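Q: Let's see this in three dimensions:
(chains A and B)
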Protein chains: 2
Amino acid sequence: MSIKPFPELSHDQEKELVTNLSQWSLGNGLVMYPPNFEGFQANVAPITLFPTPIPKESFHRAVKVQKLFNELYINVITKDVKWFSSILEDLSKHDPEFTGRLFEVYQKSSKIQPLSLGLFRSDYMIHQDTNEIKQIEFNTVSVSFGGLSSKIGQLHQYLNGTGQYDSKYNYKYYDDEDEIPVSTSASDLAQGLADGNFYYHNGEPKTSSVVLFIVQPNERNSFDQRHVEYALFKEHGIKSVRFTLEEVEEHVTVNQNRLYIKSTMDEVSVVYYRSGYAPSDYDVNPEKTWAARLLLEDTLAIKCPSVLTQLSGTKKVQQLLTKKEVISKFLSNSSDQELNEVLSTFVAIYSLDDSNEGDTGRKLAFEEPEKFVLKPQREGGGNNVYKENIPSFLEKLDKQEWGAYILMELINPPTHKNKIIRNNEVFHEDIISELGVFGTTVFNEKTGEILTNKNAGWLLRSKFSNSNEGGVAAGFGCVDNIYLY
Amino acid sequence: MSIKPFPELSHDQEKELVTNLSQWSLGNGLVMYPPNFEGFQANVAPITLFPTPIPKESFHRAVKVQKLFNELYINVITKDVKWFSSILEDLSKHDPEFTGRLFEVYQKSSKIQPLSLGLFRSDYMIHQDTNEIKQIEFNTVSVSFGGLSSKIGQLHQYLNGTGQYDSKYNYKYYDDEDEIPVSTSASDLAQGLADGNFYYHNGEPKTSSVVLFIVQPNERNSFDQRHVEYALFKEHGIKSVRFTLEEVEEHVTVNQNRLYIKSTMDEVSVVYYRSGYAPSDYDVNPEKTWAARLLLEDTLAIKCPSVLTQLSGTKKVQQLLTKKEVISKFLSNSSDQELNEVLSTFVAIYSLDDSNEGDTGRKLAFEEPEKFVLKPQREGGGNNVYKENIPSFLEKLDKQEWGAYILMELINPPTHKNKIIRNNEVFHEDIISELGVFGTTVFNEKTGEILTNKNAGWLLRSKFSNSNEGGVAAGFGCVDNIYLY
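A: Just a heads-up that it's a prediction; the model follows:
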């Protein structure tokens, strides 16, 4: 199908659009705290003026494959514990300070609560020409922007519905439902948390317990989290409490393995991490924050995610899963067609260690670097290195350090000249977009039983395409939404 | 019934409450632009931490009498045109620059659209001891805070529902529905505008036309208006357009008496004034703004309000209506009980002119000033003068200027030690509150026929009780909500 061009508005029309968009955003919580913020003041979140074109077939493929991905990762965690443990042990050696400490928490913990809650997000870029979706990463911890994604969908529908994308007649430029649907992620992620609460209470929808949000200090993206919290309370009657990792010890207490908020003696059914995913989350006070992580892990509260589920999102696992024989093992009940739906989303990923496969990776890194991006395996382990910069970067390192990186085939996404608004400034440049699909699941880490497995909306994030960095580039990102064509 | 005291929270609990209240407000549009604002940044609106106690009987009396007040003012406008005109003529002589020019617009206009839309608000204070409601004023133009009033009701219910008013157990401190109901004013005022649109189209719910909001430049309270606009679009599918009085001429066009937006040729069904009510709204460019007012008045679009309806809200009318023989004439179909329900809300109001009644007023002003407040009749005509300051104030004026003031019996409202939050600061002082009840009506200014007459929610506004100014005092106000006891 052909793509409608972006709306072409006059200078005055665009000015009015920006005013209306800004006031809608401020009036409906599509906001973020600015840097060095005060608690009583918020800014319009960085967003696009228009929805960005995404092929309908690509979008539906990504949505359709989500539950298979949820299942795949559950099975990675539960079906071959020896295999998974050996990977984590190996990673721990290379990254003792983060992966190592997480794995240590897992090993030390009592594993008293076998149920685990996953709020996942699988991120894709779309290959130009073929419209194939190609996975960037599968996120198993602290997936964000589900709240603001619902909001920007509503904003774009409002602007479209009130005729503000039409330069002439005030008509609708897009078809609301067919072309610019609204992501239900805020509600769906809240439903995921409610599912965790439900199974904590052995299948009863009790509202006597609370969900504990573990947050970062001075979080600028609070409102994204709050929209999930508000939906959880409004739609399920379940309250939430928020602490940083550093505050945990002072504010909770454990009795017969059950976790309670000290001040109110509210029982915690679900611990929901919106922090704790990066090494920097533990840096301020490592002793206290790691102790807090273990304390929480060691209770009957259902963790979202458990350390084990969090660790399944490591790049090493992503790399290993690109092999058909590996995913066939973990999706043994799936049809060939389903396996292919999963496999077709993978790009080639090579290790650079001294294995046989590492040989191939090292060769490609020097012979065809223009096809690849080099990524550190460690979370927070540094920046990606693109294309021609790869050989010289590797040469500067000790060879034994190469194993800390993976080489990933570059995706060549289409660019679109949408407009990004950041504060009062409108940027009109080529952007590239990343489509994230949310999924939620409650499963048993011991038995592998899957209690729920659901789709949970989507996110489109866009950023400037910066030619220096070769397509999959840097530049600040913004919240976007899909225009399906 | 006994009043529950305000929640007593510890320092830490209050700090957490302020964080949660601020983020809820920023996440849900309970916001205002700060002074000298930038369009992309908003602040939490000045609000109370807790709902303020209001006697249930007083509240219900105010709600019940609203439709009678709507009817009373409609009849003032339509039942005795000669009487009303003579009052306006007289006022015009004393205040040629504002009342005079408004009246001139009325006289010059073609009166081609007999239908008139009123979004009214009747403001009361409650007499301590007796719990009687006493009317401060009846507003017939640009009544504000209907949008934010709905929001603060939701906020207080959220804080209460999540147990944050309970210092111990996280329980609900108030009963949501019975004690702290949410005002439906945002929706109800939108319904009023939709009613205007409906009758513009001869009783068809068309969405092909738009509502034109006439706004002030650099309006800080935009979000209050926007919530009504969003409800109008969401609940009725009716779009809105916004211009200042100064922008009107450039952006509209009239064809066969119908009003259109030039850029889109959208027909305007209702002109909704959120500006034009004070002399300062015309000051920047009197020629252009007054011409705009006449231009709009002269079209088939239904005005909310027409100049005539706006002028019915003058203090002189309020003063005359305090007499039983006057309101009996205008509410001739009402029962004695109904008349008393209206009459009981009035305090004594005296003119100070050289009429017989003026004699009484002048006498009281000097002999019992402690019972009164002196108010200028003119809109924007200066500040109120309280109690003992009245005699010396009058002595400084020429006697013929006294006619420009009215003397109004003071109301003695109870004070409550609620907390007001403004930016990050929490003020803990005695406050007094003003209860506003919204009403909407579509009526025929020529025939007096009433097409709709509805209640439309409420507003509680509070401000510091400042002993220097005697009870009904100055100090900045804030948006509050009711706790019915």
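
Q: List the contacts of A:Glu267.
A: A:Ser208, A:Ser209, A:Val210, A:Arg258, A:Leu259, A:Tyr260 (Cβ atoms under 8 Å, 6 or more residues apart in numbering or on different chains). C-betas here are computed from N, CA, C, even on glycine.

Q: What is the nearest of these to A:Pro413?
A: Set against A:Pro413, the nearest of these by Cβ to Cβ is A:Val210 (41.1 Å).

Q: and whatever residue of the stretch 101-250 of chain A ends up closest to chain B, how many neighbours?
A: Residue nearest to chain B within the stretch 101-250 of chain A (Cβ to the nearest Cβ): A:Asn170, separated by 4.0 Å. Burial of A:Asn170 is recorded as 19 neighbouring residues (other Cβ atoms under 10 Å in any protein chain shown).

Q: got it, and A:Asn466?
A: 16.

Q: And A:Ala291, by the same measure?
A: Applying other Cβ under 10 Å, I find that A:Ala291 has 15 neighbouring residues.

Q: Ok, the one 5 residues further on next?
A: Neighbour count of A:Leu296, defined by other Cβ under 10 Å: 25.

Q: Quick one: name the residues of the stretch 351-485 of chain A near chain B.
A: A:Asn423, A:Asn424 (Cβ under 8 Å from any Cβ of the partner chain).

Q: 10 Å - rerun?
A: A:Ile421, A:Arg422, A:Asn423, A:Asn424, A:Glu425 (Cβ under 10 Å from any Cβ of the partner chain).

Q: List only buried entries from the residues you listed.
A: A:Ile421 (16 or more other Cβ atoms under 10 Å in any protein chain shown).

Q: follow-up on the earlier one: how much space between the residue of the stretch 101-250 of chain A closest to chain B and A:Leu159?
A: For A:Asn170, the distance to A:Leu159 equals 12 Å [Cβ to Cβ, to the nearest Å].

Q: same question, A:Val105
A: Distance of A:Val105 to A:Leu159, computed by Cβ to Cβ: 46 Å.

Q: Equivalent analysis for A:Ser269, please.
A: For A:Ser269 relative to A:Leu159 (Cβ to Cβ), the value is 39 Å.

Q: the more surrounded of the two?
A: A:Ser269 (27 against 22).

Q: who's in contact with the more buried one?
A: Counting by Cβ atoms under 10 Å, 6 or more residues apart in numbering or on different chains, A:Ser269 touches A:117, A:193-194, A:196-201, A:206-212, A:238, A:258-259, A:300-302.

Q: Okay, and which of these map to strands?
A: If you go by DSSP state E, those have A:Leu117, A:Val210, A:Val211, A:Leu212, A:Arg258, A:Leu259, A:Ile302 in strands.

Q: near chain B, which of these show up?
A: Restricting the ones in strands among the contacts of A:Ser269 to those near chain B - Cβ under 10 Å from any Cβ - leaves A:Val210.

Q: Can you give me the pLDDT of the closest residue to chain B within the stretch 351-485 of chain A?
A: Proximity of the stretch 351-485 of chain A to chain B (Cβ to the nearest Cβ) peaks at A:Asn423, 4.8 Å away. Note for A:Asn423: predicted pLDDT of 84.

Q: Now do the contacts for the residue nearest to it when sequence neighbours are not counted.
A: Closest residue to A:Asn423 apart from its sequence neighbours, by Cβ to Cβ, 6 or more residues apart in numbering or on different chains: B:Phe40 at 4.8 Å. Contacts for B:Phe40 (Cβ under 10 Å, 6+ apart) come out as A:18-19, A:21-23, A:25-26, A:31, A:34, A:42-45, A:421-425.

Q: swap in A:Leu115?
A: If you count contacts by Cβ under 10 Å, 6+ apart, then A:Leu115 has A:196, A:199-200, A:270, A:300-303, A:306, A:442-447, A:449, A:451 around it.

Q: Please name the residues that touch the closest residue to it other than its chain neighbours.
A: Nearest non-adjacent residue to A:Leu115, counting by Cβ to Cβ, 6+ apart: A:Ile302, 5.1 Å away. By Cβ under 10 Å, 6+ apart, the contact set of A:Ile302 is A:113-117, A:193, A:195-200, A:211, A:268-272, A:442.

Q: Of those residues, which belong to helices?
A: Those of those mapping onto helices are A:Leu193, A:Asp195, A:Gly196, A:Asn197, A:Phe198, A:Tyr199, A:Tyr200, per DSSP state H.

Q: Would you mind marking which of the residues you listed are also close to chain B?
A: Among the ones in helices among the contacts of A:Ile302, no residue lies close to chain B (Cβ under 10 Å from any Cβ).

Q: Could you save the residues you listed as CSV and add columns showing pLDDT?
A: Converted to CSV, the ones in helices among the contacts of A:Ile302 look like this (pLDDT from 0 to 100):
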residue, pLDDT
A:Leu193, 98
A:Asp195, 98
A:Gly196, 98
A:Asn197, 98
A:Phe198, 98
A:Tyr199, 98
A:Tyr200, 98
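
Q: Going through these, which ones are buried?
A: Applying 16+ other Cβ under 10 Å to these flags A:Leu193, A:Asp195, A:Gly196, A:Asn197, A:Phe198, A:Tyr199, A:Tyr200 as buried.

Q: What's the separation between the residue nearest to A:Leu115 and A:Trp24?
A: 36 Å.

Q: Tell me what the closest residue to A:Glu429 other than its chain neighbours is bridged to.
A: Spatially, and ignoring its direct neighbours in sequence, A:Glu429 is nearest to A:Phe464 (5.4 Å; Cβ to Cβ, 6+ apart). With DSSP bridges applied, A:Phe464 shows beta-bridge pairing to A:Ile431.

Q: Can you verify my assumption that A:Phe464 contacts A:Gly477?
A: Yes. The pair A:Phe464 / A:Gly477 is scored as a contact, 8.8 Å apart, by Cβ atoms under 10 Å.

Q: Now the common contact residues for these two.
A: Looking at what touches both A:Phe464 and A:Gly477 (by Cβ under 10 Å, 6+ apart), the common residues are A:Ile420, A:Ile431.

Q: Looking at those two, which one has more neighbours?
A: When A:Phe464 and A:Gly477 are compared on other Cβ under 10 Å, the one with more neighbours turns out to be A:Phe464, at 19 against 16.

Q: Okay, that one and A:Phe427: tell me how far apart.
A: 7 Å.

Q: same check, this time on A:Ala190
A: 33 Å.

Q: The two: who's more crowded?
A: Neighbour count, other Cβ under 10 Å: between A:Ala190 and A:Phe427, A:Ala190 has more, with 29 against 17.

Q: which one is A:Val426 nearest to, not counting chain neighbours?
A: Distances taken as Cβ to Cβ, 6+ apart place A:Lys419 nearest to A:Val426, at 5.4 Å, with adjacent residues excluded.

Q: How many residues are close by that neighbour?
A: A:Lys419 is flanked by 19 other residues according to other Cβ under 10 Å.

Q: Touching, it and A:Pro46? I think so.
A: No. Assessed by Cβ under 10 Å, A:Lys419 is found out of contact with A:Pro46, at 11.6 Å.

Q: residues shared between the contacts of those two?
A: By Cβ under 10 Å, 6+ apart, A:Lys419 and A:Pro46 have these common neighbours: A:Phe427.
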